[in-house]
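Undergrad: A structural model of the following input is requested.
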Amino acid sequence: MTIYKYAGFWRRLGAYTVDNTIIIFIFIILAAIAAAAFFFGAISGNSKDFIADLINPERYSPIIIFTWLFFIFLNIAYFTYFHGATGRTPGKMLFGLQVVSTEGAPISFGIAFLRAVGYFVSGIFNIGFIWVAFDKRKQGWHDKIAGTVVIIREPQNETAGISISDNTPVLPTSRYEEKQDEASNESTAQPLKPSENNNN
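TA: Below is the predicted model of the structure:
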């Protein structure tokens, strides 16, 4: 049975930073597309009303709220999909991590969704994330809510190498070494015969 270590705070922080960077990048692209569509659509209509809306501060509140809700949705969708599908986001793949249940089983999309929502609970003053550094099983609050742990599991590629048992002796690396070993065995000094006693 293979034993996997719990992933520590700094390694998980690195993976989360990568994932958060990806989410922000996707968000910026989608927001730019939406803003461009809205802008050109408004310009093609009544431009005077559009300019009036731009200088009206009250019009910004719904946009800010919608933008914030969309960012939350994008976060939940991102982590739910990757954790539910493989237990590994791109950031976790990069750092060799995987999310599993506390029993070591893969998690479902439902558990992945619950864990993603739990991120916002852990985000309260970031206490839930910092908790990882002190917890026995390195669980954040979102892990405790969903019943998950994060383990260190380096990517495996069965076609990239060969498994050798620890009991298998190391073979010579070349035919030259084999010949050298044979020559060494043949040239081993034989025990000397007892010398004859001429006084007998």
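Undergrad: ok, and for the host helix or strand of Ala31, which residues are buried?
TA: In this assignment (DSSP states H and E), Ala31 forms part of helix 9-44. Within helix 9-44, the residues that count as buried by 16 or more other Cβ atoms under 10 Å are 9, 11-16, 18-19, 23, 27. (Glycine included, C-beta is placed from N, CA and C.)
Undergrad: for stretch 133-141, same thing?
TA: Burial within stretch 133-141, assessed by neighbour count using 16+ other Cβ under 10 Å, is assigned to 135, 138-141.
Undergrad: closest one of those residues to Asn75?
TA: Taking Cβ to Cβ as the measure, Asn75 sits nearest to Gly140 out of the buried residues of stretch 133-141, at 15.1 Å.
Undergrad: that closest one against Val132, yeah?
TA: Yes - under the criterion of Cβ atoms under 8 Å, Gly140 is in contact with Val132, at a separation of 4.8 Å.
Undergrad: hey, what's in contact with both of those two?
TA: Arg12 (Cβ atoms under 8 Å, 6 or more residues apart in numbering).
Undergrad: mind picking the two most distant members of the buried residues of stretch 133-141?
TA: Pairwise over those, using Cβ to Cβ, the maximum falls at Lys138 and Trp141, 12.3 Å.
Undergrad: could the buried residues of helix 9-44 be laid out in a markdown table, adding pLDDT and distance to Ala35?
TA: Shown next, in a markdown table, are those (pLDDT from 0 to 100; distance: Cβ to Cβ, whole Å):
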| residue | pLDDT | distance to Ala35 |
| --- | --- | --- |
| Phe9 | 97 | 37 |
| Arg11 | 96 | 36 |
| Arg12 | 97 | 34 |
| Leu13 | 97 | 31 |
| Gly14 | 97 | 32 |
| Ala15 | 97 | 30 |
| Tyr16 | 97 | 27 |
| Val18 | 98 | 26 |
| Asp19 | 98 | 24 |
| Ile23 | 98 | 18 |
| Phe27 | 96 | 12 |
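Undergrad: closest to Ser101 among those?
TA: Arg12 (17.0 Å).
Undergrad: from what I can see that closest one touches Val132, true?
TA: Yes - Arg12 lies in contact with Val132 (Cβ under 8 Å); the separation is 6.1 Å.
Undergrad: buried ones in stretch 111-120, by neighbour count?
TA: Neighbour-count burial for stretch 111-120 [16+ other Cβ under 10 Å]: 111-119.
Undergrad: for stretch 138-155, same thing?
TA: 138-146, 148-153.
Undergrad: of the residues you listed, closest to Phe125?
TA: Nearest member of the buried residues of stretch 138-155 to Phe125, counting by Cβ to Cβ, is Trp141, at 11.2 Å.
Undergrad: what about the closest residue in space to that closest one that isn't next to it in sequence, which helix or strand?
TA: Spatial nearest neighbour of Trp141, chain neighbours left out: Gly128 (3.1 Å); criterion: Cβ to Cβ, 6 or more residues apart in numbering. Using DSSP H and E, Gly128 sits within helix 127-130.
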